[in-house]
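>>> When you get a sec, could you give me coordinates for this:
(one chain, ligands or ions: 1)
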Amino acid sequence: MRNKILCADCIEALNNINEPFVDLVFADPPFNIGYEYDKYYDKVKSKNYIAWTKEWMTACKKALKSNGSFYIAIGDDYAANVKIIADEIGLYLRNWIIWHYTFGQQTKNKFARSHTHIFYFVCDKEDFTFNDWALRVPSDRQLIYNDKRANPKGKMPDDVWTEFSRVCGTFNEREGWHPCQMPENLLKRVVSASSNPGDLVLDPFSGSGTTAAAAVQLGRDYLGIEISADYVKKSTARLRGLSRKKTDVKKQVEEIRRLLIDMSIPARKILADDNLLEIFGNQLAIRLNGQGRLDNEQLVSALGELTV
Ligand SMILES: C[S@@+](CC[C@H](N)C(=O)[O-])C[C@H]1O[C@@H](n2cnc3c(N)ncnc32)[C@H](O)[C@@H]1O
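Here you go, the predicted structure:
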């Protein structure tokens, strides 16, 4: 079962599997806050929601290989329950990430909610994939202080992620037919960190197919499970448009975009500062991991195209 979006209940589908076969799970379940989905009622009794959460987490864990990683996005109301269930079923927490997003929903009489919890668990504390080099960003020591002691490989991004906006109605990547599409770049960070090319990435609540879209573009295999036949049809069409065989140039441009987002520095600012340009070029070379270093002229031209 690879490279398809399966129309099924994820608990039933995964409980039918005998052997662990998945390298990475990214799960973004309904949060039980009354969203309108095609085939799922998102306001059930709290007790039932917690029991259901334990069922699908257990089913996913069964599918995960012993060196696999398991990310779960969840709202405030049930974040504590997810952590307790994870402890009970033998998952180890590596990071409790806060995704702080812009374009949150406005409120009248309390602070506006602007974050989602993303848990990063592994099955084995010692044995897991984590490609730090694919994520590193330049440190302040490099960017601001020009400090010779700075690690030339840069630093790891924080566990509060502020780089990814919610996917709003006007955004190009917005599919429009799903109520809570996740940003593709957020999923690319997760997939780059915790899987390798050729690995299998599972999303048990596939929705608009964002996890699969990130996996395809990064050369990973995917399996999505989605209960709505309509979402399966539409997300399969979304994936059809994405090529897994990319030219080096496309890969480089995509990595430039990701690095710009991760560094939160606009391309035009980098172009205007030789020091920043050099740091950006070095960081990009690390992320491209030997797959073609751009010379300064190529870098300036690629960044220039992104400023228009
Ligand atoms: C929060 S959305 C996921 C959005 C997704 N991350 C994206 O970027 O598009 C949750 C999805 O889970 C689906 N779903 C609900 N119960 C399910 C189940 N038991 N098995 C599979 N999918 C289910 C819903 O139809 C919905 O599309």
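>>> Would you map the helices across the stretch 51-200 of the chain?
In the stretch 51-200 of the chain, the helices defined using DSSP state H, counting those that start in this stretch lie at 76-89, 140-143, 184-194.
>>> Among these, which comes closest to Tyr120?
Distance to Tyr120, taken as CB to CB, is lowest for helix 184-194 among those, at 7.6 Å. C-beta: built from backbone N, CA, C; applies to glycine.
>>> Do the closest one and the ligand come into contact?
No. Helix 184-194 lies out of reach of the ligand by CB under 6 Å from any ligand atom, never closer than 7.5 Å.
>>> Smallest gap between the stretch 151-300 of the chain and the ligand, at which residue?
For the stretch 151-300 of the chain and the ligand, the shortest gap (CB to the nearest ligand atom) falls at Gly207, measuring 2.7 Å.
>>> I figured that residue hits Arg238, correct?
No. Taking contacts as CB atoms under 8 Å, Gly207 lies outside contact range of Arg238: 10.6 Å.
>>> okay, these two: which has more neighbours?
Ranked by neighbour count (other CB atoms under 10 Å), Gly207 and Arg238 place Gly207 first, with 27 against 20.
>>> For the nearest residue to Gly176 once chain neighbours are set aside, what are phi and psi?
Take Gly176 and drop its neighbours on the chain: the residue closest to it by CB to CB, 6 or more residues apart in numbering is Gly169, 7.6 Å away. Note on Gly169: backbone dihedrals following degrees, to the nearest 10 are phi -50, psi -30.
>>> Helix or strand for the residue of the stretch 151-300 of the chain closest to the ligand, just tell me which one.
Under DSSP states H and E, no helix or strand contains Gly207.
>>> Identify the residues contacting it.
Neighbouring residues of Gly207 by CB atoms under 8 Å, 6 or more residues apart in numbering: Asp28, His178, Cys180, Gln181, Met182, Glu226, Tyr231, Ser235.
>>> near the ligand, which residues of the stretch 51-200 of the chain?
Residues of the stretch 51-200 of the chain that fall close to the ligand, judged by CB under 6 Å from any ligand atom: His178, Cys180, Gln181, Met182.
>>> what do you get if the cut-off is 5 Å, keeping everything else the same?
Residues of the stretch 51-200 of the chain lying close to the ligand (CB under 5 Å from any ligand atom) are Cys180, Gln181, Met182.
>>> Count the neighbours of the nearest residue to the first one once chain neighbours are set aside for me.
Closest residue to Cys180 in three dimensions, ignoring its sequence neighbours and counting by CB to CB, 6+ apart: Tyr35, at 6.3 Å. Using other CB under 10 Å, Tyr35 has 13 other residues around it.
>>> Give me the below-cutoff pLDDT ranges for this protein.
Scanning the chain for pLDDT under 70 picks out 104, 243-247, 289-293, 308.
>>> Tell me how far Asp23 lies from Arg2.
Applying CB to CB, to the nearest Å, the value for Asp23 to Arg2 is 12 Å.
>>> Who has more neighbours out of the two?
Of the pair Asp23 and Arg2, Asp23 is the one with more neighbours under other CB under 10 Å, namely 22 against 8.
>>> Tell me if the host helix or strand of the more buried one is near the ligand.
Using DSSP H and E, Asp23 maps to strand 22-27. No. Strand 22-27 lies out of reach of the ligand by CB under 5 Å from any ligand atom, never closer than 7.7 Å.
>>> partners of that strand, with directions?
The pairing partners recorded for strand 22-27 under DSSP bridges are strand 64-74 (parallel), strand 200-203 (parallel).
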